[in-house]
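[1] Here is a sequence together with a model predicted from it:
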Amino acid sequence: MITLITPTGVRKKQFELCARWMRQQTYEGDVTWIIVDDGAQRTTDLITADFRPRWTIEKIYPKPSWSHGMNTQGRNLGEALMLIEKKYINSECIFVIEDDDYYKPNYLERMIANFENYDLVGEKNTIYYNVNFRRHITNANTAHASLFQTAFTPRLIPLVRSCLRHKFIDAELWRLAHNKYLFKEDDLAVGIKGMPGRAGIGAGHGKLMNMKQDFNLLYLKKLIGNDTVHYERYYSNNSQPRYDVLAHKRHR
């Protein structure tokens, strides 16, 4: 059995796509999907107990609900970790599945194949693609994986919990962990930026000058194939790019 954690809230369009990517996963084992919805209005009701055969759905609704200016990511992950310790501590591994990113159908399968005897596994050189501006960048993160491309064993829960107060949980976790493995395979997941609604905290959400233009979506199609159609509607070219070297350096 594996366990997935998805912190979300007030991101209806993003979560609908997240559900699509999880429905397409080729992994055939038992899965527990813990969805932490902190929105005042729930946007996760489309996921029901019969979502997929061999998938168990757990939902958590933490309080207080998210409001503008709050960063609830650490709190929401902590809520999910407590549930895992109570009910799912025998999970083979735990994935952070973020609600606004793209996951190829073989994502879970290939991540598990790379675990071997490691406690922390992830894919480096994260690609960010801003669908609002149709711009992309390959980050220079060779010492850590982005959180949405990270999985860990239950043995690492105490270490993960110790990192939850950091703004960039992923970088701190990968800095402190020892039994870890970073790999680069086939861009198994892509960091999607620029979706409408509640904004994210990471780099790439703005129109950065150091991102490459992809007006015709050719690069996105190369990355995710026919699933590109689900992002076509979000294009807007109404602001000037800015160069954000600091944001880029955070992913080295």
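    Cool, got the structure. Residues are numbered from 1 along each chain as shown.
[2] Now Y231. Nearest residue, chain neighbours left out?
    V131 (4.3 Å; C-beta to C-beta, 6 or more residues apart in numbering). Where you see a C-beta, it was placed from the backbone N, CA and C, and this is true even at glycine.
[3] and the gap between the one you found and Y181?
    30 Å (C-beta to C-beta, to the nearest Å).
[4] I'd like to know the average pLDDT value across the strand or helix carrying I5.
    Taking DSSP states H and E as the criterion, I5 maps to strand 2-8. Averaging pLDDT along strand 2-8 yields 97.
[5] who does it touch, helix- and strand-wise?
    With contacts taken as 3 or more C-beta pairs under 8 Å, 6 or more residues apart in numbering; DSSP states H and E, strand 2-8 sits against helix 12-23, strand 31-37, helix 73-87, strand 94-96.
[6] quick one: which of V131 and Y181 has more around it?
    V131 (25 against 14; other C-beta atoms under 10 Å).
[7] so where do the strands sit in the stretch 151-252 of the chain?
    All strands of the stretch 151-252 of the chain, identified by DSSP state E, counting those that start in this stretch, fall at 180-183, 189-193, 212-213.
[8] one step back: could I get the helices and strands packed on strand 2-8 in CSV, plus columns for mean neighbour count and distance to T48?
    Output for those, formatted as CSV (neighbours: other C-beta atoms under 10 Å; distance: least, C-beta to C-beta, whole Å):
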stretch, mean neighbour count, distance to T48
helix 12-23, 19, 11
strand 31-37, 23, 11
helix 73-87, 17, 19
strand 94-96, 24, 21
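[9] Out of the ones you listed, flag the one nearest K222.
    Among these, the nearest to K222 by C-beta to C-beta is helix 12-23 (17.7 Å).
[10] Mind giving me the packing neighbours of that closest one?
    If contacts are counted by 3+ C-beta pairs under 8 Å, 6+ apart, helix 12-23 sits against strand 2-8, strand 102-103.
[11] Pairing partners for the last one, with directions?
    It refers to strand 102-103. strand 189-193 (antiparallel) (DSSP bridges).
[12] Give me the distance from the strand it pairs with to the chain's centre.
    A distance of 8 Å separates the centroid of the chain from that of strand 189-193, by C-alpha atoms, centre = their mean, to the nearest Å.
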